[in-house]
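Enquirer: I need the structure of the sequence given here:
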Amino acid sequence: MSPEAVIQRQLDAYNAKDLDALLATYAPDAEQHALHGALLAAGRDALRRRFAERFREPDLHARLLSRTLIGDVVADHEVITRNFPDGPGTLEMLCLYEVRDGLIRKATFATGAKTLLALNAARPDE
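Expert: I've put the predicted structure just below:
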């Protein structure tokens, strides 16, 4: 399976909140990092806990803006809809995936600023 196909399967499983299908795209010893190295999760058990927590958010959705491929590296630019403690909103992410032998070995994320969505904002004339 091509690296692009692996990442598309991962994105589809994420948006479907299908934890088992999502984890099947990751190597057993896969790692997730914040940009510049902070380890977020290592191994499928840690990934399972991380994604299970995220999948509790009712509005969770990743919208792909662009995808770039260079060999076994796939870079996705996405807008993520989340349910933050202070309300629903979005954030931009740059997701870099290293894929070998049909599995994600390492994922690195650069996260942009959070934008809260205005829900039922009162009109000025009310």
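
Enquirer: Might you list the low-confidence residue ranges for this protein?
Expert: Along the chain, segments meeting pLDDT under 70 span 119-126.

Enquirer: Break down it into its helices, ranges please.
Expert: Per DSSP state H, the chain carries helices over the ranges 3-16, 19-23, 44-54.

Enquirer: Dump these into TSV; add distance to Lys106 and mean neighbour count as well.
Expert: For glycine as for every other residue, the C-beta is placed from the backbone atoms N, C-alpha and C. Output for the helices of the chain, formatted as TSV (distance: least, C-beta to C-beta, whole Å; neighbours: other C-beta atoms under 10 Å):
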stretch	distance to Lys106	mean neighbour count
helix 3-16	12	18
helix 19-23	15	16
helix 44-54	12	14
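
Enquirer: who wins for proximity to Thr68 among those?
Expert: Thr68 lies closest to helix 3-16 among the helices of the chain, at 9.9 Å (C-beta to C-beta).

Enquirer: what about the closest one, distance to the chain center?
Expert: 10 Å (C-alpha atoms, centre = their mean, to the nearest Å).

Enquirer: cool, stretch 80-92 as well?
Expert: How far stretch 80-92 lies from its chain's middle: 13 Å, per C-alpha atoms, centre = their mean.

Enquirer: I'd like to know how far the closest residue in space to Asn83 that isn't next to it in sequence sits from Thr111.
Expert: Distance criterion C-beta to C-beta, 6 or more residues apart in numbering; nearest residue to Asn83, sequence neighbours excluded, is Glu57 at 4.1 Å. To Thr111, Glu57 is 15 Å away according to C-beta to C-beta, to the nearest Å.

Enquirer: before we move on, back to that, what separation is there between the residue nearest to Asn83 and Pro88?
Expert: From Glu57 to Pro88 the distance is 9 Å (C-beta to C-beta).

Enquirer: same check, this time on Ala62
Expert: 15 Å.
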